[in-house]
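Peer 1: My questions concern the predicted model and sequence given below.
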Amino acid sequence: MIEIKSPEQLAGMRAAGLVVAEIHEVMRAAIVPGATPLDLDVIARRELAARGATSNFLGYGGFPATVCVSVNDVVVHGIPDATPFRDGDVVSLDFGAVLDGWHGDAAVTVPVGEVPDDVARLLVDCDDALWSGITAMKSGRRVRDIGTAIEKTIEARGDYGIVEEYGGHGIGTAMHMDPHVMNYRTRQRGPKLVPGLCLAVEPMITLGGPETHVLADEWTVKTDDGSWAAHFEHSIAVTPEGPWVLTALDGGAARLAELGVPAAAARRG
């Protein structure tokens, strides 16, 4: 079932999204050479407790941690361990929170120190693809338009692999809800985008091929060819005024303004 939120319920979604945004900022600042994925998990637990929120990752399907930390050729769902970050690594953080029954979910890929130019471009292009998908979230359009916008941006930037096994999803009273949001073109139009619909949009791309495999821990997803990957995600609400990026501190106002797209944050915060 697709969940459509009232204005009051969207306010609850925004509160949960701000918790995610704030904790992402704290974790990103802690990604330095010598720090470990386990350090980030400790930070996430501490910051959730300080805000009266809980984790929607911990225990989900048996996942053993509060944040997914995926390094280099790990695309997604990396389990935090004690391996120190090294200068030149890239670290993907996928993290969510529950506040008063409402879920937020976001991901970002962060360089550790200096990275090669092609890796730096990978991160920029994946993030830009996410925002292209967000700009397609206008009332009256279709879910398919999001994936089409993402794929067009990625194809225009370079010969990247678009990971197809994983995609975005509806979000609200649960972390994963209908509809599924693909990161590429599809013949299926998908549901219509209407005010009150909330989606988590999350492209994942690689410097090589799109093929992946899951490790024996049944969570960690790696590229088959060892190529490095990037993953960016926001939770977004469709509103009459435009997209409202629930997991961005400014609601997406600055980035959407750069792209010439009306943003609900201009009115909603």
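Peer 2: Arrived safely, thanks for sending. Numbering: from 1, shown residues only.

Peer 1: can I have stretch 120-131 written out in CSV, keeping just the CAs?
Peer 2: Output of stretch 120-131 as CSV, limited to C-alpha atoms (Å, rounded to 0.1, in the frame of the first residue of the first chain):
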residue,chain,number,x,y,z
ALA,A,120,36.2,12.6,-7.0
ARG,A,121,34.1,12.8,-10.2
LEU,A,122,32.3,9.6,-9.3
LEU,A,123,31.1,11.2,-6.1
VAL,A,124,30.1,14.4,-7.7
ASP,A,125,28.3,12.7,-10.6
CYS,A,126,26.3,10.3,-8.3
ASP,A,127,25.2,13.2,-6.1
ASP,A,128,24.2,15.2,-9.1
ALA,A,129,22.2,12.2,-10.4
LEU,A,130,20.3,12.1,-7.1
TRP,A,131,19.4,15.7,-7.4
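
Peer 1: tell me the average confidence for that stretch?
Peer 2: On average, the pLDDT along stretch 120-131 is 98.

Peer 1: Tell me the buried residues in it?
Peer 2: In terms of neighbour count (16 or more other CB atoms under 10 Å), stretch 120-131 has its buried residues at Arg121, Leu122, Leu123, Asp125, Cys126, Asp127, Asp128, Ala129, Leu130, Trp131. All C-beta atoms are positioned from the backbone trio N, CA, C, and that covers glycine.

Peer 1: how about JSON lines for those residues, with secondary structure added?
Peer 2: Below are the buried residues of stretch 120-131 laid out as JSON lines (DSSP: H, G, I helix; E, B strand; the rest coil):
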{"residue": "Arg121", "secondary structure": "helix"}
{"residue": "Leu122", "secondary structure": "helix"}
{"residue": "Leu123", "secondary structure": "helix"}
{"residue": "Asp125", "secondary structure": "helix"}
{"residue": "Cys126", "secondary structure": "helix"}
{"residue": "Asp127", "secondary structure": "helix"}
{"residue": "Asp128", "secondary structure": "helix"}
{"residue": "Ala129", "secondary structure": "helix"}
{"residue": "Leu130", "secondary structure": "helix"}
{"residue": "Trp131", "secondary structure": "helix"}
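
Peer 1: Closest to Met182 out of those residues?
Peer 2: Nearest to Met182 among those: Ala129, at 12.7 Å, using CB to CB.

Peer 1: is it true that that closest one touches Gly158?
Peer 2: No. Ala129 is beyond contact range of Gly158, at 11.1 Å (criterion: CB atoms under 8 Å).

Peer 1: So which residues of the stretch 151-269 of the chain form strands?
Peer 2: 161-162, 168-170, 177-181, 198-201, 204-206, 212-214, 221-223, 229-231, 234-239, 242-245 (DSSP state E, counting those that start in this stretch).

Peer 1: out of those strands, nearest to Met27?
Peer 2: It's strand 229-231; of the strands of the stretch 151-269 of the chain, that one is closest to Met27 (CB to CB) at 14.4 Å.

Peer 1: Quickly list what the residue positioned nearest the centre of the chain is bridged to.
Peer 2: Centroid check for the chain by CA atoms, centre = their mean gives Glu233 as the closest residue, at 1.6 Å. With DSSP bridges as the criterion, Glu233 is bridged to Ala107.

Peer 1: change the start of the numbering to 33 and stick with it
Peer 2: Shifting the count to begin at 33 puts that one at Glu265.

Peer 1: Need the pLDDT of it.
Peer 2: You'll see Glu265 listed with a pLDDT of 98.

Peer 1: That one contacts Gly199, doesn't it?
Peer 2: No. The criterion here is CB under 8 Å, and Glu265 misses it with Gly199 at 10.3 Å.

Peer 1: list the residues that contact both of the two?
Peer 2: Glu234 (CB atoms under 8 Å, 6 or more residues apart in numbering).

Peer 1: Let me see the contact set for the residue of the chain positioned farthest from its centre.
Peer 2: Farthest-out residue of the chain from its mean C-alpha position, per CA atoms, centre = their mean: Gly66, at 24.9 Å. Neighbour list for Gly66: Pro116, Phe117 [criterion: CB under 8 Å, 6+ apart].

Peer 1: Where does it sit: helix, strand or coil?
Peer 2: Quick answer, by three-state DSSP: Gly66 is coil.

Peer 1: That one and Pro272, how far apart?
Peer 2: 48 Å (CB to CB, to the nearest Å).
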